[in-house]
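A predicted structure for the sequence below; I have some questions about it.
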Amino acid sequence: MSSTVFTIARDEWRYWRRSSLAQTVLIIALLLAAASVWVTHAAISHTTEQRQHMQSESITAFEEQPDRHPHRMVHYGHYLFRAPPPLGSLDPGIDSFTGNAIFLEGHRQNGATFADQKQSTGLTWVGRLTPAYVMQVLTPLLLIVLGFGVMTREREAGTLDFLKVQGVSPLVLLAGKGVAMAGAGLLVLTPLIIGALLTVLKGAQVVPVLTFILSYLIYIVVWCALVLLISTLARSNSVSFSGLVAVWILLCLVVPRIASNTASVMVASPGKLETDFAVLKKLRQMGDGHNANDPAFKAFKDNLLAQYNVDSVEDLPINFRGVVAQKSEADLTEVLNEFAEQQMAQQQSQAVIARMFGWLSPMIAIQNASMKLAGTDLENYQRFMREAEAVRFEFVQSLNKLHAEGMSLEQDANKYKSAEARKAATVDAENWQMLEEFQFTPLPAGQRFSNSLTAVLQLLFTAGLVLAFTYIAGRRV
Amino acid sequence: MSWSDIRRETAFVLRKKSVSLLLVAACALALFSVWTGSVEVAQQEATIERLLEGDKADREEVTHKHHAYGYIAYYTFHLTYAPPSPLAFAALGVRDVYPWKHRIRMLALEGQIHESDTQNPELSLAGKIDFTFVIAVFAPLILILLLHDLRAAERAAGRHDFLIVMARTHGSLWPLRAGLIVLGLWLALILPFIGGAIVNGVPIWQMAAVCAVVLVYLLFWSLLCYWVARFTFPAPVLASLLLGIWLATTYIIPSVGNVAIEEAYHGPEGGDILMTQREAVNDAWDLPHQTTMDAFVVSHPEWQGKTETSSLFEWKWYYAFQQVGDENARPLFQAYQQIAEQRYEAAGWVALLSPATLFKRTLTRWADTDAKAAWQYERDIRTFHAELREFYYPFLFNGSEYNEESLAERPAFQPNNTNKYPGIFH
């Protein structure tokens, strides 16, 4: 039986070799796939290099600052850059829609700045030339053009009855045609598979890479089965073709956008600007850390005085202003984090709604599986934001500690009196060696894998469903 | 062509299940896009309302709390925004990527203006369906499905030659049938738009212009389909050919063009601008005041002679070095901006080969939701920031006593494109 299946598949391939339409689309698809892998890889490597360079420049700049008042360094701040993960060269995901640099300073959580899209040509609104897009949207179209007639052609030519009389069961015929189409799908997938395997050499973990490839294979199976199903059900070539194109438009172009519209209509996300008001309000209640005399710090002051058993802040062994800066930064950060988490949760719930549509459209499922495994999805972006916040809090508090312990209150209070006084209120530049090398790494492999499971499950579900229908339809031929 | 011809063909076209199904689907999608687009725009307007309110309350609190021009300028934020135009519901454009709201204060502007308070990036990636997308991308596909087998279907059914012989005039058969289909599709798509346009208060002339440009766009694709449908190939081959044209012009040419343009125009990275600005601002703390002031009076000669400082910290010096920091970063920013503009302009040439992109550029231009509108907003912010500085400088440099009443004269941001044409439901 299996030899019959392969004979049928080989025959289908021979048919494609003789058809100039089939050949043309195969060549175009292969060219697009290869070009997309190459172009995206080149662009992402360039970006990675550049961001890594700027990252180390930023650290050097910080460390090379002269002796200073530590609070000056709090506002001098630090930059973090987000370098894309290895698989990002196959699926850049949301990379170009998010800011890629973030400025870290005291008392503020800045948003990421300079999204690439802000310098874009505006030409990529339908889709970008990335391997992910070519595989997710264009490969199905290729399979349709190649395979719309696999069954209807036999039916129109009357050969279907011949085959049946000769003892080829329709299911075997379907299997053979399916193998032929999967072969074509695999051929177009080759550049992506090679690219994915190459990322392993560059440090990508094996499990996500293999799952990445596997999910694209399932996706190809889904579309092969869809083409077989509709070609089996349709009366004629032209009905099959029109039907398949309509399904493609729906699943690949319309449903994903409906998903995104639905999500943003259902969950309004107010944006950072609006939460800033709430933060400012709380900040005023808590007192401004720049002003140690703010009445908001009275209880804190009394406590501190009691703790050290002294009567006035001047008698404290540490710089009261620095202590206030530390405390207010900690309090403020708590508030900032609360709002940041709120906003992330809102974006998350929007994304969850959009991802639910993966049960309807395999294109959404593969897009999510692919981004999650590549580490270029919303979760990984939020991870970057959280890591950046941790870095910010740590270096700001180390500086505040220097502020509290590196000078007396008197020195600190008089720093604008004269040039000498200003010099007295500085700490040694050696202290600036506090930054650690930062390189953003996406979620660990296991986490990415388990995050992608829902999407992979959606793909498997669709594949199972369509294959089952194809089986039923095949038995009725 | 007679009335009976029209009646006959209309009945024929509408009785075909696939035709009416596609027309209904197109209409439903247009309705959905208009509805969600209107909700989106309403959300943006509501956001601006809330921001304006919060901004006002915040400013009042600051005014109440501080009693010196230096502090007031430091702590007072000013909301700037670009409200959506009436037509924005039909062309959401790039407002999900480019910021349309910022809160600005008198500190160095380059450190503030590049923040992006944008929307969910994962939704931006999927893209939104707006009326522009429905017409530019979706409508040609529907036309291809409707028109590619205009003749091939009749040929396959064996009626082709019979129909040719029976037709009274040449125009009463294929052109009439195709014309009716195109008209039907146009109506199915444009009626939801007109509804949305009335609700959103789009001026009549703009509504008419959109209807016309949609018709022209549909006619372009119809003629192409009509022409291809004449070839005596089987229907699927004709449809593949048309799909190929659609794919090449809608996706391949733009995305390849994008790669080529990005290669061709390179400039400073966004990060460089921020770093330069930061270095300039921070170095100023350690420089003698006079160095900063000398640089400042080059661009602000009116304050020559008033730049003496008597202590190590003075507000006029503080704001002067903020400004000098901006001026240092400006050439870099201008180069960055120039690259963006050159890329966009080059994309205009590519758009000539891509009708869908051309259509989208046209509609987003009219709706003020394209990159150009975003740049204009950025220029508005820069103007406003300059006005703000001009307001405070006299107080700071003349050492005026603080007087709260003088704040009444403080400039407030005026958005450029307010709702100039209130609709009948507004």
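Noted; the coordinates are in hand.

immediately after the strand or helix carrying residue A:352, which helix or strand?
Using DSSP states H and E, residue A:352 sits in helix A:320-356. Next helix or strand after helix A:320-356 toward the C-terminus (DSSP H and E): helix A:362-374.

from the chain's centroid, how far away is that following helix?
10 Å (Cα atoms, centre = their mean, to the nearest Å).

swap in stretch B:276-291?
For stretch B:276-291, the distance to the chain centre is 37 Å (Cα atoms, centre = their mean).

how close does the spatially closest residue to residue A:193 that is not a sequence neighbour get to residue A:135?
The shortest distance from residue A:193 to any non-neighbouring residue, by Cβ to Cβ, 6 or more residues apart in numbering or on different chains, is to residue A:213 (5.6 Å). All C-beta spots, glycine's among them, are computed from the backbone N, C-alpha and C. From residue A:213 across to residue A:135, the span is 11 Å (Cβ to Cβ, to the nearest Å).

does anything pack onto the helix or strand that contains residue B:219? Which helices or strands?
Assigned by DSSP H and E, residue B:219 belongs to helix B:204-228. Counting by 3 or more Cβ pairs under 8 Å, 6 or more residues apart in numbering or on different chains; DSSP states H and E, the packing neighbours recorded for helix B:204-228 are helix B:139-147, helix B:174-200, helix B:235-247, helix B:355-366.

nearest to residue A:157, of those helices?
helix B:235-247 (14.1 Å; Cβ to Cβ).

avg pLDDT for stretch A:397-406?
For stretch A:397-406, the per-residue pLDDT values average out at 89.

one more: stretch B:184-203?
On average, stretch B:184-203 scores 95.

neighbours of residue A:142, how many?
24 (other Cβ atoms under 10 Å in any protein chain shown).

and it, which of the three is it?
Under DSSP: H, G, I helix; E, B strand; the rest coil, residue A:142 falls in the helix class.

who's in contact with the residue lying closest to it once chain neighbours are set aside?
In space, and not counting its chain neighbours, residue A:142 is closest to residue A:29: 4.4 Å by Cβ to Cβ, 6+ apart. By Cβ atoms under 8 Å, 6 or more residues apart in numbering or on different chains, residue A:29 lies in contact with A:134, A:138-139, A:142, A:188.

now do the contacts for residue B:66.
B:72, B:75.

phi first, then psi, for it.
phi -110, psi 150 (degrees, to the nearest 10).

how near is it to residue B:146?
On the measure of Cβ to Cβ, residue B:66 and residue B:146 end up 67 Å apart.

wait, a strand at residue B:392?
No. If the criterion is three-state DSSP, then residue B:392 is helix and not within a strand.

can you give me the neighbour number for it?
Residue B:392: 19 neighbours (other Cβ under 10 Å).

that one and residue B:71 touch, don't they?
No. If you go by Cβ atoms under 8 Å, residue B:392 and residue B:71 don't touch, sitting 11.4 Å apart.

pick out the residue closest to the middle of chain B.
residue B:369 (2.1 Å; Cα atoms, centre = their mean).

which SS state does the closest residue to that residue other than its chain neighbours fall under?
Counting by Cβ to Cβ, 6+ apart, residue B:369 lies nearest to residue B:93, which is 2.6 Å off, once chain neighbours are set aside. Classification of residue B:93 using three-state DSSP returns coil.

okay but residue B:230 is in contact with residue B:151, surely?
Yes. The pair residue B:230 / residue B:151 is scored as a contact, 6.8 Å apart, by Cβ under 8 Å.

for the nearest residue to residue A:58 once chain neighbours are set aside, list each beta-bridge partner.
In space, and not counting its chain neighbours, residue A:58 is closest to residue A:79: 4.1 Å by Cβ to Cβ, 6+ apart. Residue A:79 has these beta-bridge partners by DSSP bridges: residue A:103.

could I get the contacting residues of residue A:79?
A:54-55, A:58, A:101-104, B:271, B:274-275.

where's the dip in pLDDT among those?
Within the set of the contacts of residue A:79, pLDDT is lowest for residue B:271 (73).

quick one: that one and chain A, what's the gap?
Here the criterion is Cβ to the nearest Cβ, to the nearest Å. By it, residue B:271 lies 5 Å from chain A.

now do the same contact list for that residue.
Contacts of residue B:271 (Cβ under 8 Å, 6+ apart): A:51, A:54, A:79, A:81, A:101, A:114.
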